[in-house]
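>>> Task: produce atomic coordinates for the following.
(one chain, ligands or ions: 1)
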Amino acid sequence: MSTPFDQKTTRFVSWIQSNFDFVSPKFEVADLRSQSQGRGLIAKEDISVGETLFEFPRDKIINFDSSTLSQLNDGKNRDILIELGQWDALILCVAYELILGKESRWWDYLNILPQSVEDFNTLMFWNDDELEKLKPSSVLDRIGKEDAEMTYSRLVPEYCNRLGVPKLADFLTLDKFHAVASLIMSYSFDVDHVDEVDAAERDQAADSSEAGIDEIEQQQGQQGEEDQKSEEDDDDDDDDDDTRSGDASSALKFDSYLKSMVPLADTLNANTTLVNATLHYDHDKLAMKAIKPINKGDQIFNTYGDLPNSEIMRKYGYVELPSSAAEFADIPLTVITQYYQKKFSETFSTVKNVDHIVERLLDLIGQSEYLEETLEDNEGGIVIERYEIYSGGELLPEFILLLLILSTLYESFKTDLKWFRKLARQVDRPESDFEIFVNRATVKCFQLLDQRSIVTEAMMEDLKQITSSRIDEYPRYLINGEYKLPAEFKLDMTRKGLADIILKNEVMCLQDILDGKFPPVAVDSGEPKFEVMSNEKFLKNVMKRKQEEDEKRSRKRHRVN
Ligand SMILES: C[S@@+](CC[C@H](N)C(=O)[O-])C[C@H]1O[C@@H](n2cnc3c(N)ncnc32)[C@H](O)[C@@H]1O
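Okay, the predicted model is just below:
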């Protein structure tokens, strides 16, 4: 006898059959609850690269453009919604479809989606004690519960009334609001506007005719490049990553995409290493296509982006075992600052106020005009709140440069204590010798790193010490080998168990640094990506001007004597 779960699947599949233009008979929507994966797509036959799995017109997806809510009130609702951010608008549009129930043209689709807070395992729904288990992961700063609550107060009831549907305010309790927002977080896609797709196609056509690329190759490349779930676009659009929008500049009318619920495309589960299908945006159609050969019996996986387990848990409520292909830990600026403050105060014990000196160094490096002009893509400067540490010893260029500059400044000051004492008296004076030297060291370090991929022994040592301070903030049993990662994700895992998996993966990224994986090796050449230079040799480059000035001064003194 079929269960309510199966009945919902059957109705959904027949909705798909009657609404989509093409649905390949080579896959089925399967019940993967025994693997803790809900529904998913399984291949019933072998599928080749480039093969279309399903294809459908744009009006089958739910977004601001297509939703029932925006058609109400003689177009007035459209004008109101278009001024809202992507999240706000889609939350209201989806909530309204849920109120419509069977009257919604998406009902058989909406009916298979999670809709209440109990259906979610994402971090938004962990209580304070459970979240405590995730310390010291920086994912705790990214949950955004307060922001979501502020969005709620802004939209409910005011916007529900303005949109002429006060019953939306009755429906959207705070819990329901969190549930709809979380549904959008884990199911929506950012779908490019038609004109964006057209422009991209025109560019691609021009490129390929210039380069004479073989047609099939081009088609495959294009599929591979298509963006998948909305959350993949984090780097491009940070503000869009939560429910915070609300100021006029974040209105969806300025965006080149629409956050959308995409039936069936969102039935695919994800895996960072096993991804074998991606969503392709065409002028008036969307299509899911295989990007790898898929064997009969295999699951068809999408990607939700290059996310570490902490982010997969935060947004989607599961983890990949043993690890995601994109794990990272991070080192907060505070850890770096404290490390150098301690080091400076130990070495320069007779110099007053070294804590402030280190803060000033960071200010000057952060405000470096040279770096601002040279690093075009780096708007925020190189002094940022946190630095990601990827697995295998891969580091952010900003982090490498910051440590190179700070370690070089420390080593330089150490060469001449009298000179450092003099500089230390001028730390707050604009255009002082202190400022000039810091700027000069910054430029030199950047040039040596950028042009010759050079780091120093001192930078390597500081990196290890700083990483070691950060790793010490994690529970001991995750560092000393006592803990073993479980074999597979299960929905009934305790939240402490899930937190351990996330933290262990972060510890492993940090451990890679302590195990000497930095500098990592380039895949193509097999050579280390950076050359480690002795401190003396490196300092010669940085201190050259000072030495020349010292010599000049000493020659003058000799002449006077
Ligand atoms: C876009 S939906 C995919 C379809 C979903 N399985 C369903 O039944 O509706 C994303 C959700 O699927 C689940 N999911 C996706 N990939 C998974 C995986 N590799 N392992 C476990 N759960 C996964 C998570 O609950 C996630 O929030």
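
>>> Chain neighbours aside, what residue packs nearest to the residue in the stretch 51-200 of the chain that the ligand sits nearest to?
Residue nearest to the ligand within the stretch 51-200 of the chain (C-beta to the nearest ligand atom): S186, separated by 3.7 Å. Heads up, the C-betas are built off the backbone N, CA and C, glycines and all. The shortest distance from S186 to any non-neighbouring residue, by C-beta to C-beta, 6 or more residues apart in numbering, is to Y316 (4.8 Å).

>>> And E130, how close does it get to E146?
Distance of E130 to E146, given as C-beta to C-beta, to the nearest Å: 17 Å.

>>> Of the two, which one has the most company?
Higher neighbour count among E130 and E146: E130, with 15 against 9, using other C-beta atoms under 10 Å.

>>> Can you name the residues in contact with whatever helix or strand T334 lives in?
Per DSSP states H and E, T334 falls inside helix 333-347. Residues outside helix 333-347 that contact it (C-beta atoms under 8 Å, 6 or more residues apart in numbering) are 351, 354-355, 357-359, 361-362, 383-387, 402-403, 406, 410, 414, 462, 465-466, 469-470.

>>> Does the residue nearest to S186 touch S188 like I think?
No. Contact criterion C-beta atoms under 8 Å: Y316 and S188 do not qualify, at 11.8 Å.

>>> okay, those two: which has more neighbours?
A count of neighbours by other C-beta under 10 Å puts S188 above the other of Y316 and S188, at 24 against 21.

>>> For the residue in the stretch 201-350 of the chain positioned nearest to the ligand, list each beta-bridge partner.
The minimum distance from the stretch 201-350 of the chain to the ligand, using C-beta to the nearest ligand atom, falls at N269 (3.2 Å). Going by DSSP bridges, N269 is paired in beta bridges with F301.

>>> which ones are touching it?
Per C-beta under 8 Å, 6+ apart, neighbours of N269: 32, 37-38, 40-41, 299, 301-302.

>>> Cross these against strands and list the overlap.
40-41, 299, 301-302 (DSSP state E).

>>> From those, pick out the ones that also neighbour the ligand.
Near the ligand, judged by C-beta under 6 Å from any ligand atom, the entries from those are G40.

>>> Quick one: name the residues of the stretch 201-350 of the chain near the ligand.
Counting by C-beta under 6 Å from any ligand atom, the stretch 201-350 of the chain sits next to the ligand at 266-267, 269-271, 316-318.

>>> most neighbours, which of these?
T267 (24 neighbours).

>>> Can you pull out the low-pLDDT segments for the stretch 401-550 of the chain?
Per-residue confidence for the stretch 401-550 of the chain (pLDDT under 70) gives these ranges: 545-547, 550.

>>> quick one, what contacts Q426?
Q426 touches 432-435, counting by C-beta under 8 Å, 6+ apart.

>>> how much space is there between the residue nearest to S186 and A499?
With C-beta to C-beta as the criterion, Y316 and A499 are 16 Å apart.

>>> Repeat that for R452.
43 Å.

>>> Pick out whichever of those two has more residues nearby.
A499 (25 against 10).

>>> from the contacts of helix 333-347, which ones fall inside strands?
Using DSSP E, the contacts of helix 333-347 in strands are 386-387.

>>> By neighbour count, sort out the buried ones in the contacts of helix 333-347.
351, 354, 357-358, 361-362, 383-384, 386-387, 402-403, 406, 410, 462, 466, 470 (16 or more other C-beta atoms under 10 Å).

>>> Got phi/psi on the residue in the stretch 1-150 of the chain that the ligand sits nearest to?
In the stretch 1-150 of the chain, the residue found nearest to the ligand is G38; the distance is 2.5 Å by C-beta to the nearest ligand atom. Main-chain dihedrals, G38, degrees, to the nearest 10: phi 60, psi -130.

>>> Could you find the closest non-adjacent residue to it?
Nearest to G38 is L32, by C-beta to C-beta, 6+ apart, at 6.3 Å.

>>> Same question for I454.
L448 (4.4 Å).

>>> so what does the helix or strand containing that neighbour touch, helix or strand wise?
Assigned by DSSP H and E, L448 falls within helix 433-452. When contacts are defined as 3 or more C-beta pairs under 8 Å, 6 or more residues apart in numbering; DSSP states H and E, helix 433-452 sits against helix 354-366, helix 369-374, helix 397-415, helix 417-424, helix 535-560.

>>> According to the record, where do the domains of the protein fall?
62-188+250-261, 329-471+516-560 (automatic domain parsing).

>>> Assign G297 to helix, strand or coil.
Following DSSP: H, G, I helix; E, B strand; the rest coil, we place G297 in the coil state.

>>> Wait, it touches D46, no?
No. Counting by C-beta under 8 Å, G297 sits too far from D46 to count as a contact (9.5 Å).

>>> of the two, who's got more company?
D46 (13 against 10).

>>> Distance check, the more buried one against F27.
11 Å.

>>> Neighbours of the nearest residue to Y477 once chain neighbours are set aside, how many?
Spatial nearest neighbour of Y477, excluding adjacent residues (C-beta to C-beta, 6+ apart): Y483 at 5.1 Å. Y483: 15 surrounding residues under other C-beta under 10 Å.

>>> Alright, I will stop here.
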